[in-house]
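Asker: attaching a predicted model along with its sequence, questions to come.
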Amino acid sequence: MKNLFIFGLFLLFISSCNSTGRKAIDEKQFASHWYQDRAEINVFELKQMRYGEVREGKAVMIFVTEDFSKRKQVKVDDPSAAGKGAIKVMKMNMTRDFVTGVYPYHTMLSVFTPVYEDLNSPKITASMTEWCGQSFAQLNWKNNKYQANLFSYFESEGDQELSISAMAEDEIFNLIRLNPDLVPTGHKKLIPSLIFNRFSHLPLDAESAVISKRKTGSNQAEVEVIYEEIGRKLLIKYVDAFPYEIMSWQETQTKKDGTEEVTSAVRKSVQMLDYWRKKGLQDEAIRKSLGL
């Protein structure tokens, strides 16, 4: 009975948080899936286009909620002590692993999106490692714009600091998971995916894009983002019912000669798992159950 009372107070608290924020979120429904002290692990079969050829690999999307410092823009160590200085965020960590010839690529994208506050994702980071070197990008939302810090082993790119006033494409995955109604549609200025930016080596900036949503079947829907000027298209397919699981995504890059390069990922397994506690040798068997 005591636990039920505490949970009731918790729902009342998050309901009050939502009263002036993201009204599309059903707090009780959301809490039942996302406040279990576990993360949702999604494993995808990846077909990554790189250097004109398709490379087979794995992509993993990890979705989890956590308490995030408004000021420092990092995960708080002690949520109970943080008080009003913390907000609840949906965190997505997405990795891609594939091989080009003899050497491997590993990419990681992290996006932190407020659950209840109608605000841009306060922080987005991306890294890429391969045998030639490393690159890293971090976007922090401050004063109504992203402060971007870019680091690369390429001389022509070097270390850069930029300010960009636009929503980030990478946030769309989290908005779908919160509620697809939160995804804006129409003509928008967007910062293209940070991973795409590393692969393409295009200057990072806000680009003109058109976002559309459509139903594709019973409980099936998709979001499409098209950038005409840079020849990029992103298509995300998801289940159009809570918890709005991502089933696949596809990136199409149209080159100057009109040829298309397509990268795709299709989900093969999903588990709710407190993976941070599964760190013993005996836990490695879980990877097999995930298809890793």
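Answerer: Sure, I can see it. Numbering: from 1, shown residues only.
Asker: for stretch 211-231, buried residues please.
Answerer: Buried residues in stretch 211-231, counted by 16 or more other CB atoms under 10 Å: 211, 213, 221-225, 227, 231. Heads up, the C-betas are built off the backbone N, CA and C, glycines and all.
Asker: my error: substitute stretch 84-101 in the last question.
Answerer: So stretch 84-101, judged by 16+ other CB under 10 Å, has buried residues 86-98.
Asker: stretch 276-292 too?
Answerer: residue 290.
Asker: need the distance between the two termini of that stretch.
Answerer: 17 Å (CA to CA, to the nearest Å).
Asker: average pLDDT across that stretch?
Answerer: Taken as a whole, stretch 276-292 has an average pLDDT of 96.
Asker: do the same with stretch 243-254
Answerer: Averaging pLDDT residue by residue across stretch 243-254 gives 98.
Asker: which residues does it contact?
Answerer: Stretch 243-254 is contacted from outside by 33-34, 40, 42, 44, 49, 61, 173, 176-180, 193, 196, 200, 220, 231-239, 260-267, 270, using CB atoms under 8 Å, 6 or more residues apart in numbering.
Asker: just the buried members of these?
Answerer: 34, 40, 42, 44, 49, 61, 173, 176-180, 193, 196, 231-238, 261, 263-265, 267, 270.
Asker: inside strands: which ones of the residues you listed?
Answerer: Judged by DSSP state E, strands contain the following of the buried ones among the contacts of stretch 243-254: 40, 42, 44, 49, 61, 232-238, 261, 263-265, 267, 270.
Asker: tell me which element residue 28 falls in.
Answerer: Assigned by DSSP states H and E, residue 28 belongs to helix 27-34.
Asker: in that helix, what counts as buried?
Answerer: 27, 30-31, 34.
Asker: and if you look at stretch 155-172?
Answerer: 162, 164, 166-172.
Asker: would you format the residues you listed as CSV with distance to residue 185 and pLDDT included?
Answerer: Compiled in CSV, the buried residues of stretch 155-172 are given as follows (distance: CB to CB, whole Å; pLDDT from 0 to 100):
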residue, distance to residue 185, pLDDT
162, 27, 96
164, 21, 98
166, 16, 97
167, 12, 98
168, 16, 98
169, 14, 98
170, 17, 98
171, 14, 98
172, 11, 98
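Asker: may I ask which two of those are separated the most?
Answerer: Taking CB to CB, the two most distant members of the buried residues of stretch 155-172 are 162 and 172; they sit 20.9 Å apart.
Asker: tell me where the model's unsure across this protein.
Answerer: Residue ranges of the chain with pLDDT under 70: 1-21.
Asker: do a quick rundown of the helices in it.
Answerer: 2-18, 27-34, 79-82, 172-178, 194-200, 285-290 (DSSP state H).
Asker: packing partners for the second one?
Answerer: In terms of contacts (3 or more CB pairs under 8 Å, 6 or more residues apart in numbering; DSSP states H and E), helix 27-34 is packed against helix 2-18.
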